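Enquirer: I'll drop the sequence and a predicted model, then ask my questions.
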Amino acid sequence: MMLFRPVTQDDADQIAALAQQTGTGLTTLPKDPEKLKHKIALSIESFAATVEYPGKEYYLFVLEDTTTGKVVGTSGLAAAVGLEQPFYTYKVGTTVHASPRLGIHKTIPTLILGHDYTGTTEICTLFLSPNHRGGGTGKLLSKGRFLFLKNHPKRFANKIIAEMRGYSDENGVSPFWESLGRHFFDMDFDDADTKSGEDSNEFIAELMPKYPIYVPMLSEEAQATLGKVHPDTEPALKLLKKEGFRYTGYVDIFDAGPTIEVRQENIDTIKRSIDVNVVINSSVDSTQRFLIANRKVEDYRCVLANAQLIDNRIEITAEIANALGLKNDDQAIVTPMS
Ligand SMILES: CC(C)(COP(=O)(O)OP(=O)(O)OC[C@H]1O[C@@H](n2cnc3c(N)ncnc32)[C@H](O)[C@@H]1OP(=O)(O)O)[C@@H](O)C(=O)NCCC(=O)NCCSC(=O)CCC(=O)O
């Protein structure tokens, strides 16, 4: 069984091994074991904290294959971005240059540096081991976060965003970076991107161009990658679009990957979720699949399993109940899988 749960320090080595497989552009899962340990510690602290409004908390979840005990994936929630250090984005804007006398009217796309997403909650760090992809496992890893969010609204902002990994080729080269960032940073895309995911990103403020960028002045290859995701990120984007996330014209400052957004109440997994009480029935015979989670914080658990929904009761097997840490009559939250 695949079990979605909060990370523990015991997972550190396995996550470090996963992080080595992420390639370029997944900065929120650091490859440096010390930085990873720090992230795990922050996550443990965040789950344990009593929270009245979203702040610097960072919640890291893992997907554990309970038959082998192996951690096969990660996903995360940053409660509120940009509060400790600025959260940069480019807004794709429009400027018009017109000369009625010459009969010329030019509409020119621009990139404007800003911090418009300050205070929003970011979903991040979605990564599934390549051996486990393609069978729907990614859905649990992505959606398990939304039931946690529904359970604990005070911990998160109403607006939820995702910065999707932008396009880079098989050698990790980002045409957008080559055409823009490279002129100002004097380093490779991977180095700059990794630095931005680290504790301090004030170097961005120091080095980034201050004036709007005229998009037609970028290379054609760079223009073509504006708002485009990395090929490996297509499934993640598809999952989030189905949840209701939309692109509203913001892109990453390094690789031009799209930032997409949604309001909590419009997230499909949340909208269709039902509060239920548990009934343990080991002969439950159903082909209907549900995302099923408990209502806990540090001991949060979520699985995908067949179950029977009768009114506001969910019938699950003892094995599923055990995995979720639930007894008869306990409260749970479920979303039917369509
Ligand atoms: C993203 C995941 C975890 C998804 O896992 P799986 O591949 O097992 O997902 P899945 O459930 O099999 O597929 C999800 C949906 O995508 C569809 N799908 C599969 N391949 C596709 C492709 N090439 N183009 C478009 N859609 C595609 C499937 O049909 C399915 O849709 P149907 O249900 O309709 O059939 C994985 O692919 C992965 O680890 N990718 C590499 C890491 C990565 O780039 N992560 C995102 C970084 S960006 C980030 O982290 C922020 C976003 C976030 O945190 O969520």
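Expert: Perfect, I can see it now. Computed from a predicted structure; not experimentally measured. Residues are numbered from 1 along each chain as shown.

Enquirer: which stretches in the stretch 201-338 of the chain count as helices?
Expert: Applying DSSP state H, counting those that start in this stretch to the stretch 201-338 of the chain gives helices spanning 202-207, 220-224, 234-243, 268-271, 318-324.

Enquirer: looking at those helices, which is closest to the ligand?
Expert: helix 234-243 (3.2 Å; CB to the nearest ligand atom). The way it works is simple: take the backbone N, C-alpha and C, and place the C-beta from them, glycine included.

Enquirer: residue ranges in the stretch 101-250 of the chain under the pLDDT threshold?
Expert: 198-200 (pLDDT under 70).

Enquirer: for this protein, which residues are neighbours of the ligand?
Expert: Listed as neighbours of the ligand in the chain under the rule CB under 6 Å from any ligand atom: 26, 75, 123-128, 133-139, 141-142, 162, 164-165, 230, 232-236, 238-240.

Enquirer: which residues does Ala12 contact?
Expert: Taking CB atoms under 8 Å, 6 or more residues apart in numbering as the contact definition, Ala12 lies against 33, 36-37, 40.

Enquirer: hmm, 6 Å instead?
Expert: Ala12 is in contact with 37, 40, counting by CB atoms under 6 Å, 6 or more residues apart in numbering.

Enquirer: can you tell me the SS state at it?
Expert: helix (DSSP: H, G, I helix; E, B strand; the rest coil).

Enquirer: what residue of this protein is the furthest out?
Expert: Arg101 (49.9 Å; CA atoms, centre = their mean).

Enquirer: that one: what secondary structure?
Expert: What three-state DSSP gives for Arg101 is coil.

Enquirer: what's the spacing between it and Ile108?
Expert: According to CB to CB, to the nearest Å, Arg101 stands 19 Å off from Ile108.

Enquirer: about what we covered before: looking at the helices of the stretch 201-338 of the chain, which is closest to Asn158?
Expert: helix 268-271 (11.6 Å; CB to CB).

Enquirer: for the protein, which residue gets nearest to the ligand?
Expert: Gly138 (2.0 Å).

Enquirer: nearest spatial neighbour of that residue, skipping sequence neighbours?
Expert: Nearest non-adjacent residue to Gly138, counting by CB to CB, 6 or more residues apart in numbering: Leu128, 5.1 Å away.

Enquirer: how much space separates that neighbour from Tyr167?
Expert: For Leu128 relative to Tyr167 (CB to CB), the value is 20 Å.

Enquirer: same thing with Asn266?
Expert: 27 Å.

Enquirer: ok, those two, which is more surrounded?
Expert: Tyr167 (23 against 14; other CB atoms under 10 Å).

Enquirer: so who does that one touch?
Expert: Residues near Tyr167 by CB under 6 Å, 6+ apart: 225, 228, 230.

Enquirer: in this structure the first one contacts Ser174, no?
Expert: No - judged on CB atoms under 6 Å, Thr225 makes no contact with Ser174 at a distance of 7.3 Å.

Enquirer: what residues are up against Asp275?
Expert: Residues near Asp275 by CB under 6 Å, 6+ apart: Ile333.

Enquirer: ok, the one 3 residues further on next?
Expert: The neighbours of Val278, taking CB under 6 Å, 6+ apart as the test, are 326, 330, 332.

Enquirer: next, count neighbours for the last one.
Expert: This points to Ala332. Ala332: 24 neighbours (other CB under 10 Å).

Enquirer: how about the first one?
Expert: Here the number of neighbours of Leu326 (other CB under 10 Å) works out to 23.

Enquirer: with the second one instead?
Expert: By the measure other CB under 10 Å, the count of residues near Asp330 is 16.

Enquirer: tell me which residues form a beta bridge with the residue lying closest to it once chain neighbours are set aside?
Expert: Ranked by CB to CB, 6+ apart and with sequence neighbours excluded, the top spatial neighbour of Asp330 is Val278, at 4.9 Å. Beta-bridge partners recorded for Val278 (DSSP bridges): Ile314.
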